[in-house]
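In: This is a predicted model, with the sequence first.
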Amino acid sequence: MTNLLRLVDISALFVWVAVDFVVVFSRRPKNAKRSDRFSMLGVLVSVWVGIYLAIAWRFAGGAGAFEVPVQIVGLTLLAVGIALRSVAIAQLGAFHTPDVAVQAGHRVVDTGLYRRVRHPSYLGASIALLGFGLGLGSLRSAAAVVGCALIGYAYRIHVEERALLESLGEDYAAYCRRTYRLIPGMY
């Protein structure tokens, strides 16, 4: 059972990553002011290093006593995270791009998931990655993939918020004062 769940987990991750890549990179605006500062590369590298470590560490360790329940929780979190990220991308619409880029007509979106959290797509991806690590049946794998991803997302958030503050001014500053970056009620 654990091997089947692990296969489902790894397959779901790679299908999600492929679909997410196609959807996100199809939204690359032509005439936008880009301020990426290698943050997209940072996210890609940190996430893939985390995925590699999660898989390598899982297969280096033995099975735990509660492996199947941990895997089921992990697969559930993977699905919840993917759904959250997908909804966040849909709610941001054309303003969601792979690059940190401010487009003509750019405005603060503060409805839906963005009402309380400024980066719900990164939150969704982090939850999905946590679920992936747990879906492997390993707490150490979950910590590795989420820890690595959060390093990339922290830098990306810094770059993104700086560009939005420069471009949108007081509207974005006011939005920052009434919302959290990533985790509601905490950060």
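Out: Cool, got the structure.
In: Show me where this protein has its strands.
Out: Along the chain, counting by DSSP state E, strands occupy 33-34, 101-102.
In: comparing the ones you listed, which gets the lowest mean pLDDT score?
Out: Lowest mean pLDDT within these: strand 33-34, a mean of 64.
In: for the protein, where's the lowest mean pLDDT among helices and strands?
Out: The helix or strand of the chain with the lowest confidence, counting by mean pLDDT, DSSP states H and E, is strand 33-34 at a mean of 64.
In: residues contacting the residue nearest to the spatial centre of the chain?
Out: Nearest residue to the geometric centre of the chain (CA atoms, centre = their mean): Ala125, 2.6 Å. By CB atoms under 8 Å, 6 or more residues apart in numbering, Ala125 lies in contact with Val47, Gly81, Arg85, Ala149, Tyr153. For every residue, glycine as well, the C-beta is placed using N, CA and C.
In: can you pull the pLDDT of it?
Out: The predicted local confidence for Ala125 is 97.
In: Distance-wise, check it relative to Glu166.
Out: Ala125 sits 25 Å away from Glu166, going by CB to CB, to the nearest Å.
In: which residues of this protein score low on pLDDT?
Out: 29, 31-34, 62-65 (pLDDT under 70).
In: need the helices for it, in chain order.
Out: Remark: helices assigned in the chain by DSSP state H are 2-25, 39-60, 67-92, 120-135, 139-168, 170-178.
In: Count the neighbours of the closest residue to Ser138 other than its chain neighbours for me.
Out: Once flanking residues are discounted, Ser138 sits nearest to Arg58: 4.5 Å by CB to CB, 6 or more residues apart in numbering. Burial measure for Arg58: 21 neighbouring residues, criterion other CB atoms under 10 Å.
In: tell me the contacts of Arg58?
Out: Counting by CB under 8 Å, 6+ apart, Arg58 touches Arg6, Leu136, Gly137, Ser138, Arg140, Ser141.
In: I'd like to know how far it sits from Ala104.
Out: Taking CB to CB, one finds Arg58 at 46 Å from Ala104.
In: Could you tell me how many residues sit around Gly112?
Out: 13.
In: can you pull the contacts of it?
Out: Per CB under 8 Å, 6+ apart, neighbours of Gly112: Val87, Ala88, Gln91.
In: among those, who's most crowded?
Out: When neighbours are counted by other CB under 10 Å, Ala88 leads the contacts of Gly112 with 22 neighbours.
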